[in-house]
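Student: I would like the atomic coordinates for the input below:
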Amino acid sequence: MENKFGLDKHLPKELRLLLEILKVENESQFWKIREELFINIDWELFLQIVRHHRVHPLIYSKINKIGEKLIPAYVIETLSQEYKKNTFQMLQLSGEMEQLSKLFTENQIRILFLKGPVIAADLYGDISLRTSKDLDILIPIRDLQSAEKLLLNYGYEKEEFPWDEWKWMNHHVTFFHPQKRIQIEIHWRLHSPPSEEPNFNNLWERKRSSLLTTYPVFLLGEEDLFLFLVAHGARHGWFRLRWLIDIDQMIKKGLQTERVHFFLLDYQYHHMVGQALILANHLLNTTIDEGFNKLTTEKYSQKLAQRSLPFIKEMSNFNYQKDYLFLLKSKKQKFLYIMRILFFPSSQDTKTLRLPKSIHVLYFPLRPFLWAWRKTNRST
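Tutor: Residues are numbered from 1 along each chain as shown. Okay, the predicted model is just below:
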């Protein structure tokens with residue numbers, strides 16, 4: 001494991017073994033893993049770590065050909081069953097993705113798929129090698145009401161929000177199909193406000209067409225996808241290795257660093273890209289292109305990488321840790337975040353003081369007092 005950034009090298013043995021297996025490109029490389037790494041492994045913990053990081057398809061694809069000399073048969077069989085289950089789920093999501101693309105397109109709604117099978121096929125060349133629990137879709141905000149009607153008529157049910165202003169505070173809404181057991185997130189922004197990001201028209205102009213389905217399915221352009229995945233992983237503290245492996249895969253496929261730097265002017269994610277590259281290099285030996293070196297030498301990027309390591313190695317419940325998330329924000333975002341906390345009502349306010357809907361506007365002037373009251377009562 002490289003450590004040119006001075007990050008914490010002390011990882012659980014089971015996690016170190018997992019990382020070494022993930023680095024394997026072919027069967028001959030597998031036998032180069034030091035045999036002592038397989039000694040005294042808690043295989044139940046190993047399986048738990050594999051599941052937590054959502055890498056069981058990749059791990060199974062690398063160990064299923066080597067036999068039982070180093071890895072117990074029940075571990076291989078367990079991963080085999082989970083691999084098959086994931087493959088079935090990805091096939092189901094692929095079918096639904098194609099149907100949704102057709103449904104939206106025929107109703108004149110432009111649609112971009114952000115994650116799911118389309119990303120698995122793009123990054124890994126095989127939908128069975130990546131997990132997805134739902135489909136994430138980006139549409140123009142003006143089409144949100146039309147999209148909602150389409151999905152409701154198609155059998156989906158919508159997650160409700162307590163506020164009429166919810167779309168200005170959030171960036172997606174969730175729908176669930178009770179019969180198909182499929183969840184969809186409809187996004188009108190890539191990330192929650194006030195993050196910097198390109199508008200939908202720019203993203204649409206740079207879109208790519210997937211080869212996965214017969215009916216056209218569109219995904220983000222390569223650089224937009226890279227920066228979207230970086231920001232998504234960063235905001236979740238990289239607590240699942242799957243997100244770092246996505247970054248590793250994109251770099252191995254020949255990501256153009258010059259073009260990424262150009263798009264950074266739109267996104268302003270320099271420190272997040274630096275953090276992702278540092279972690280990928282430290283944990284997966286990802287090769288850092290010369291064009292990215294400056295981003296990884298920034299002290300702030302290194303600080304963010306060090307802060308996220310405990311989330312990865314301890315399998316802790318990240319649960320959107322506020323101090324870490326605050327570090328990710330720009331100065332402008334920090335100011336707007338503080339203003340929002342102080343003056344914009346939340347669902348917690350409606351639980352603290354229930355007002356009739358006709359006078360919900362009073363939550364705005366009451367917000368600072370309700371927030372202070374909750375803080376005072378938690379500390380007593």
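Student: where do the strands sit along the stretch 51-200 of the chain?
Tutor: Remark: strands assigned in the stretch 51-200 of the chain by DSSP state E, counting those that start in this stretch are 112-113, 135-138, 157-158, 172-177, 182-187.
Student: for the first one, packing partners?
Tutor: Using 3 or more CB pairs under 8 Å, 6 or more residues apart in numbering; DSSP states H and E as the contact test, the elements touching strand 112-113 are strand 135-138, strand 218-219. Bear in mind the C-beta positions are built from the backbone N, C-alpha and C, glycine included.
Student: returning to that earlier point: redo the strands of the stretch 51-200 of the chain as a markdown table? Include distance to residue 84, mean pLDDT and mean neighbour count.
Tutor: Converted to a markdown table, the strands of the stretch 51-200 of the chain look like this (distance: least, CB to CB, whole Å; pLDDT from 0 to 100; neighbours: other CB atoms under 10 Å):
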| stretch | distance to residue 84 | mean pLDDT | mean neighbour count |
| --- | --- | --- | --- |
| strand 112-113 | 24 | 98 | 24 |
| strand 135-138 | 21 | 96 | 23 |
| strand 157-158 | 29 | 94 | 13 |
| strand 172-177 | 23 | 92 | 18 |
| strand 182-187 | 19 | 95 | 20 |
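Student: could these go into JSON lines alongside distance to residue 340?
Tutor: Below are the strands of the stretch 51-200 of the chain laid out as JSON lines (distance: least, CB to CB, whole Å):
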{"stretch": "strand 112-113", "distance to residue 340": "27"}
{"stretch": "strand 135-138", "distance to residue 340": "23"}
{"stretch": "strand 157-158", "distance to residue 340": "24"}
{"stretch": "strand 172-177", "distance to residue 340": "18"}
{"stretch": "strand 182-187", "distance to residue 340": "20"}
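Student: thinking again about what came up before, mind putting the helices and strands packed on strand 112-113 into JSON lines with distance to residue 19?
Tutor: Formatted as JSON lines, the helices and strands packed on strand 112-113 follow (distance: least, CB to CB, whole Å):
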{"stretch": "strand 135-138", "distance to residue 19": "27"}
{"stretch": "strand 218-219", "distance to residue 19": "28"}
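Student: tell me which of those strands sits nearest to residue 52.
Tutor: Among those, the nearest to residue 52 by CB to CB is strand 135-138 (20.8 Å).
Student: any idea how this protein splits into domains?
Tutor: Domains of the chain are assigned by automatic domain parsing as 93-218, 345-378.
Student: just name the most buried of these.
Tutor: Of the domains of the chain, the one with the most neighbours on average (mean count of other CB atoms under 10 Å) is domain 93-218, at a mean of 17.
Student: can you give me the end-to-end distance of it?
Tutor: Domain 93-218 has its terminal residues 15 Å apart, counting by CA to CA, to the nearest Å.
Student: low pLDDT regions in the stretch 251-380 of the chain?
Tutor: Along the stretch 251-380 of the chain, the model assigns pLDDT under 70 to residues 316-320, 330, 336-338, 341-342, 347, 378-380.
Student: quick one: the helices in it?
Tutor: Assigned by DSSP state H, counting those that start in this stretch, the stretch 251-380 of the chain shows helices spanning 257-267, 270-284, 293-297, 299-313, 322-328, 331-343, 347-352, 363-378.
Student: surely residue 54 and residue 240 touch.
Tutor: Yes - if you go by CB atoms under 8 Å, residue 54 and residue 240 touch, sitting 5.4 Å apart.
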